[in-house]
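Undergrad: Everything below, folded, please.
(2 chains)
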2 protein chains.
Amino acid sequence: MFQEKESIIKRPKNIDRLIKEFLQGKEWALSQLMSIIENNDDKAKSILNKLYPRLGHGWRIGITGPPGAGKSTLVEKLATEYVKNNLTVGIICIDPTSPFSGGAILGDRVRMSSLFLDPKVFIRSMATRGSMGGVAKATKELCDLLDAFKKDVIIIETIGVGQVELDVAGIGYTTIVVLVPEAGDSIQTMKAGLMEIGDIFVVNKSDREGSDRLTMEIQSVLEMKNFDLTPSVIKTVATENKGIKDLYNNIFDHRKFLENSDKLKDKIRSTIKTEIKELVEEKINKQIWANNQVKTKSDYLIDNILKGKETPFSAADKILKNWTKLRRKD
Amino acid sequence: MFQEKESIIKRPKNIDRLIKEFLQGKEWALSQLMSIIENNDDKAKSILNKLYPRLGHGWRIGITGPPGAGKSTLVEKLATEYVKNNLTVGIICIDPTSPFSGGAILGDRVRMSSLFLDPKVFIRSMATRGSMGGVAKATKELCDLLDAFKKDVIIIETIGVGQVELDVAGIGYTTIVVLVPEAGDSIQTMKAGLMEIGDIFVVNKSDREGSDRLTMEIQSVLEMKNFDLTPSVIKTVATENKGIKDLYNNIFDHRKFLENSDKLKDKIRSTIKTEIKELVEEKINKQIWANNQVKTKSDYLIDNILKGKETPFSAADKILKNWTKLRRKD
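TA: The predicted structure is shown next:
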């Protein structure tokens, strides 16, 4: 055991070599590149830039829903179904930040353990501690990496139900909302904007009382809206593998629908647009604050704000004017 | 009833008039300005810019902790204590996004109802639906407004424990972390970075078993670190008003400590710096994407990415180069 650990630690982190081994399908290289991407922004860019031409293979599925809906079990069974059909699967689990539920969530992961030994399946947990804005970006990057690794299916499971989790689930081409027939859930769902993001709705634990009612409620809300493809509502009992095949088929149908219309192209186009926007803004913002004259000016203006001679708003205007002037002289 | 509603709707939203009435201490004007600030970014800037010279009066207190810790009751009792001492209070309650707990949270607000009729107290709930990054900014702006309204004390209560909530609680000059003697909480707390943000720790519901143990655990963690002012750990039973005076006094002590050292100035300086940074970046980013040549170039590059001739990374570089060239010609 110890020796194995040693060898991993001592392995030279030469990125070109990692990428070479990644391209040969070595999972340890995938793993290491994921860590690099999660931790180092500049290296992430150069890695993803190199691998970019390989993208476009894997189908991305986002799965979200309230805690206790049985998402992990559902993901496990769904992944098993893909493996049965000779497809490879990458799973990204987003653990939410909530410091007070950390323990429970780690326990959750254990339930997926049947998949850990399957060579067709790669599972990665991602903690969301730290910047919230960065979670969606990092998730997207890990998806890209799994895609470049030629995983056939990429599942993003979000454990949590905040806005970030909804955003992250939206990275999927097919977004699945998992609910359980518990009182109140249905009403909460309508409020939450979940009805807007779901391409497929799953009523899990459907052997429980109230599952028919919940199914009907979801369907009646969906009926009030216009869809090019009305989302299916599927009943499952994930623990007993019931309804998984139905879900599998529905994901396939949704994929076919997107691929045969302009929808998929539109979605990918808008993802690229966002990506470019973020890259450009990051660079220009870095340029501004790295400039020494801007720094000096900014410190001077802050002093003036503290003296009551300036406001942050007037200071921002002045910094911007100064910056524009500087650029012209360059 | 109907007539009253009518008159509110028809009231001309002339901002200068609103500001005038705001300056005369009219709460309805405060209320309306808050709504404007929450909803309209450009107007928010001009309002806050005008009111900026009035800032610096109110003491900002952030209160955070896990759901069920009794934060609302604590805030209610603490505010009552301030009122007793003839001080005015503004309270901002941040309701987290979580679509699945929406109902419970609204119920929470009812508990603070004893304060609603008090003319010295102004309560505002803020939902955090929508952009996460915007919550801290919006909270800061509402604080500024309450400050400009000359509230003596401004309490920010976050109901939720994600990263955003921690950030928001950090807007306070004095940050209070509220915990309850329930198993597991203490360990979770150490993990969560709450130990880093707390200026004062409150063990609420301290009549329950385990409160001594929790108090000692917190103290022993605090002892391992270096502080200029070691955070107090205070036991309260908010429902019975026990320990509230102690908390009140400790907040006062913490305030005196900050005011008599450079700490407060440092904190305000760094807040201003962040504010300017955000304003400058927002403006420059808007400028870039409003430029027609950038738009055309960007569309062209996205087409090339879809054709496999470009990556988002190379496209971003080209857009930036193009933008710089454009600026020089201006």
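
Undergrad: Using the record, which stretches count as separate domains in chain A?
TA: Taking automatic domain parsing as the domain assignment, the ranges for chain A are A:1-53, A:55-261, A:274-329.

Undergrad: Please work out the average pLDDT along the longest one.
TA: Per-residue pLDDT values over domain A:55-261 give a mean of 83.

Undergrad: For residue A:30, give me its contacts.
TA: Residue A:30 is in contact with A:22, A:122, A:145, A:146, A:149, counting by Cβ atoms under 8 Å, 6 or more residues apart in numbering or on different chains. C-beta: built from backbone N, CA, C; applies to glycine.

Undergrad: Read off the pLDDT value for it.
TA: 95.

Undergrad: Tell me what angle the host helix or strand of residue A:327 forms with helix B:312-329.
TA: Element membership for residue A:327, per DSSP states H and E: helix A:312-329. Taking axes from the mean of the first three to the mean of the last three Cα atoms, to 10 degrees, one finds helix A:312-329 and helix B:312-329 inclined to each other by 90 degrees.

Undergrad: one step back: which one of the domains of chain A is the most hemmed in?
TA: Among the domains of chain A, domain A:55-261 has the highest mean neighbour count (mean count of other Cβ atoms under 10 Å in any protein chain shown), at a mean of 19.

Undergrad: quick one: terminal-to-terminal distance for that domain?
TA: In domain A:55-261, first residue to last residue: 20 Å (Cα to Cα, to the nearest Å).

Undergrad: how much space between residue A:50 and residue A:231?
TA: Between residue A:50 and residue A:231 the computed distance is 37 Å (Cβ to Cβ, to the nearest Å).

Undergrad: where's residue A:84 relative to chain B, distance?
TA: Remark: distance between residue A:84 and chain B (Cβ to the nearest Cβ, to the nearest Å) = 33 Å.

Undergrad: what separates that residue from residue A:244, distance-wise?
TA: Counting by Cβ to Cβ, the gap from residue A:84 to residue A:244 is 10 Å.

Undergrad: hang on, the earlier thing: tell me which of the domains of chain A sits nearest to residue B:197.
TA: domain A:55-261 (10.9 Å; Cβ to Cβ).

Undergrad: how distant is that closest one from the center of its chain?
TA: 11 Å (Cα atoms, centre = their mean, to the nearest Å).

Undergrad: got it, and stretch A:308-320?
TA: 38 Å.

Undergrad: Which elements pack onto the helix ranked longest in chain A?
TA: Of all the segments assigned as helix in chain A under DSSP state H, the longest by residue count is helix A:263-290. If you count contacts as 3 or more Cβ pairs under 8 Å, 6 or more residues apart in numbering or on different chains; DSSP states H and E, helix A:263-290 packs onto helix A:133-148, helix A:244-260, helix B:263-290, helix B:292-306, helix B:312-329.

Undergrad: Could you provide these in TSV, with additional columns for distance to residue A:68?
TA: Shown next, in TSV, are the helices and strands packed on helix A:263-290 (distance: least, Cβ to Cβ, whole Å):
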stretch	distance to residue A:68
helix A:133-148	22
helix A:244-260	19
helix B:263-290	37
helix B:292-306	41
helix B:312-329	38
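
Undergrad: and of the ones you listed, who's closest to residue B:166?
TA: Of all those, helix A:133-148 sits nearest to residue B:166, with 14.5 Å by Cβ to Cβ.

Undergrad: and for that closest one, what are the contacting residues?
TA: Helix A:133-148 has contacts (Cβ under 8 Å, 6+ apart) with A:22, A:30, A:33-34, A:37-38, A:44, A:47-48, A:51-52, A:54-58, A:60, A:90, A:92, A:94, A:122, A:124, A:126, A:128, A:154, A:156, A:164, A:167-168, A:171, A:271, A:275, A:278, B:132-133.

Undergrad: do that again at 6 Å, thanks
TA: By Cβ atoms under 6 Å, 6 or more residues apart in numbering or on different chains, the list of residues contacting helix A:133-148 from outside reads A:34, A:37-38, A:48, A:51, A:54-55, A:57-58, A:60, A:90, A:92, A:128, A:154, A:164, A:167-168, A:171, B:133.

Undergrad: could you give the angle of it to helix A:263-290?
TA: Going by the same axes, to 10 degrees, helix A:133-148 makes 130 degrees with helix A:263-290.

Undergrad: moving C-terminal of helix A:133-148, what's the next helix or strand?
TA: strand A:153-158.
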